[in-house]
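Undergrad: Make a model of this:
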Amino acid sequence: MTREIRLNAFFMNCVVHQSPGLWRHPRDRTRDYTNIDYWVDLARTLERGKFDALFLADVLGVYDVYGGSVDAALSGAVQVPANDPVLLVPALSYATSHIGFGVTSILSYDQPYAFARRMSTLDHLSKGRVGWNVVTGYLDSAARAAGRSRQNGHDLRYEIADEYMEVVYKLWEGSWEDGAVLRDREAGLFTDPKRVHRIRHEGRHFTLDGYHLSEPSPQRTPVLFQVGSSPRGRAFAARHAECVFIAGNSKTEIRKLVDEIRSLAKAAGRPPEAITVFLSAVSVPGWTRSEAENKLDDYRRYASVEGGLVLQSGWQGLDFASAPLEAAIGEVRRGSVEAHDRSDRAADRRTIQELGMATTLGGGAPLFLGSAAEIADEMQDWVEQADIDGFNLTSVVAPESYVDFVDIVAPELQRRGAYKRDYAKGTLREKLGGAARLATSHPAARHRVAEALV
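TA: Presented below is the predicted three-dimensional model:
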């Protein structure tokens with residue numbers, strides 16, 4: 001039986017997300033990122049193409065590891081300037097009917113009580129089409145901007161995140177019972193006070209004594225996305241996430257990672273199929289192979305190697321400006337024992353120049369190039385060989401990359417029965433194949449009051 005592929009558009013409320021330099025392309029419109037019409041056009045294009053969600057990345061802080069300065073990031077618009085992704089959702093949900101919106105919020109710098117209300121509000125306004133990409137952050141510049149000398153250690157960030165999740169689960173799932181809101185005009189009773197519960201939490205990192213301010217939204221807890229890369233991150237994703245976003249170029253290695261995440265989910269008491277896995281990818285389609293190759297050659301003329309290295313320096317915490325472009329990556333890694341220990345030794349033999357260039361098209365994600373049939377073949381092969389469920393498609397030139405996929409590739413996938421022809425009814429969670437509410441096997445469910453158990 002042909003597996004149905006899931007698709008998100010992986011994007012960011014900025015000029016350069018993961019294709020540095022391409023903002024200069026004459027057909028690129030990312031310079032219009034402050035214009036709501038640009039975003040509405042994009043969302044409607046994605047909905048026309050039956051994308052499951054617009055997955056909005058975000059970052060706090062700036063990429064200042066490269067050369068020890070923010071100059072290269074600023075001059076190349078590498079994820080700065082960047083606007084808040086959350087504020088796009090009300091307008092885009094109003095302009096569409098089905099597509100979901102996954103928004104990134106970095107919990108290290110966002111108080112859980114206020115955040116819980118913000119997400120409930122978005123879930124109400126979008127009629128249950130919102131998801132949350134749970135991120136702990138990775139830039140020291142964000143910590144300094146928040147008044148700290150540096151960010152917490154990696155594992156401590158996840159320890160804090162586990163408790164953060166417990167707090168928001170209590171607010172979303174346990175404060176208001178189903179049926180607490182009566183809207184009884186004749187009796188003058190809007191809410192039954194007996195069915196709204198005070199939430200008390202005394203933990204190592206958070207203290208809370210209060211009531212969730214929002215009445216229950218369509219999903220209560222938004223669909224939970226998470227990027228699980230490190231061992232601690234994979235354990236966190238297996239416990240909490242409904243959708244996991246992973247990256248890599250080897251089908252064999254990605255299959256091992258997927259197997260591990262699903263095994264960890266099972267060990268945490270969740271069914272392995274409860275997790276939908278998306279792989280980062282980028283596509284350059286054409287009506288013919290030749291057209292696609294010519295398009296790629298055209299794109300590469302605008303690519304910024306320096307911009308790619310700005311991203312890699314921030315992601316890896318290594319200054320790739322500290323060595324010549326022709327030097328091997330391993331020469332820079334040797335200055336960081338931690339980075340060297342977790343590095344791919346074969347990849348270390350690439351030059352810094354090669355690393356920067358590889359990052360310029362979709363952040364170095366697998367590239368699907370060719371005709372509709374060729375790209376569909378490759379996507380289906382990834383799904384079968386790596387046991388993933390779908391893709392987070394990033395763009396090279398926006399919105400052209402998405403328009404081309406919608407017009408050229410999506411119909412071929414639909415012809416093969418590998419992609420939906422229409423959306424399922426209901427909330428984002430229901431459209432992704434689940435129930436309206438989180439399953440009872442999810443840790444959030446244990447915080448429901450008895451009357452609200454489903």
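Undergrad: ok, residue 430 - how many residues close by?
TA: Neighbour count for residue 430, taken as other CB atoms under 10 Å: 18. Yep, even glycine has a C-beta here, placed from its N, CA and C like the rest.
Undergrad: before we move on, what about residue 117?
TA: Neighbour tally, residue 117, other CB under 10 Å: 15.
Undergrad: Let me know the distance separating it from residue 348.
TA: For residue 117, the distance to residue 348 equals 46 Å [CB to CB, to the nearest Å].
Undergrad: same question, residue 196
TA: Distance from residue 196 to residue 348, by CB to CB: 57 Å.
Undergrad: got it, and residue 72?
TA: Separation of residue 72 from residue 348 (CB to CB): 23 Å.
Undergrad: Please say which of those two ends up with more neighbours.
TA: Of the pair residue 72 and residue 348, residue 72 is the one with more neighbours under other CB under 10 Å, namely 20 against 16.
Undergrad: So which residues of the stretch 151-300 of the chain form strands?
TA: Counting by DSSP state E, counting those that start in this stretch, the stretch 151-300 of the chain has strands at residues 181-184, 189-191, 199-202, 207-210, 223-227, 243-246, 276-285.
Undergrad: Which elements pack onto the second one?
TA: Counting contacts by 3 or more CB pairs under 8 Å, 6 or more residues apart in numbering; DSSP states H and E, the secondary-structure elements packed against strand 189-191 are strand 181-184.
Undergrad: So which elements touch the strand it packs on?
TA: Using 3+ CB pairs under 8 Å, 6+ apart: strand 181-184 touches strand 189-191.
Undergrad: count of residues packed around residue 290?
TA: 11.
Undergrad: What of residue 306?
TA: Residue neighbour count, defined by other CB under 10 Å, stands at 20 for residue 306.
Undergrad: That one falls within a helix, correct?
TA: Yes - applying DSSP: H, G, I helix; E, B strand; the rest coil, one finds residue 306 inside a helix.
Undergrad: Cross-check the contact I'm expecting between residue 173 and residue 221.
TA: Yes - if you go by CB atoms under 8 Å, residue 173 and residue 221 touch, sitting 6.3 Å apart.
Undergrad: tell me the contacts of residue 429?
TA: 128, 219, 223, 242, 435-438 (CB atoms under 8 Å, 6 or more residues apart in numbering).
Undergrad: go again using 6 Å as the cut-off
TA: Neighbouring residues of residue 429 by CB atoms under 6 Å, 6 or more residues apart in numbering: 219, 223.
Undergrad: Let's verify it: helix, strand, or coil?
TA: helix.
Undergrad: Could I get the pLDDT score of it?
TA: With respect to pLDDT, residue 429 scores 97.
Undergrad: Same question for the one 5 residues further on.
TA: Residue-level confidence at residue 434 comes out at 86, pLDDT.
Undergrad: For the closest residue to it other than its chain neighbours, grab the count of nearby residues.
TA: Once flanking residues are discounted, residue 434 sits nearest to residue 242: 7.1 Å by CB to CB, 6 or more residues apart in numbering. Residue 242: 24 surrounding residues under other CB under 10 Å.
Undergrad: if I read this right, residue 242 contacts residue 221, doesn't it?
TA: No - applying CB atoms under 6 Å as the test, residue 242 and residue 221 come out as separate, 9.4 Å apart.
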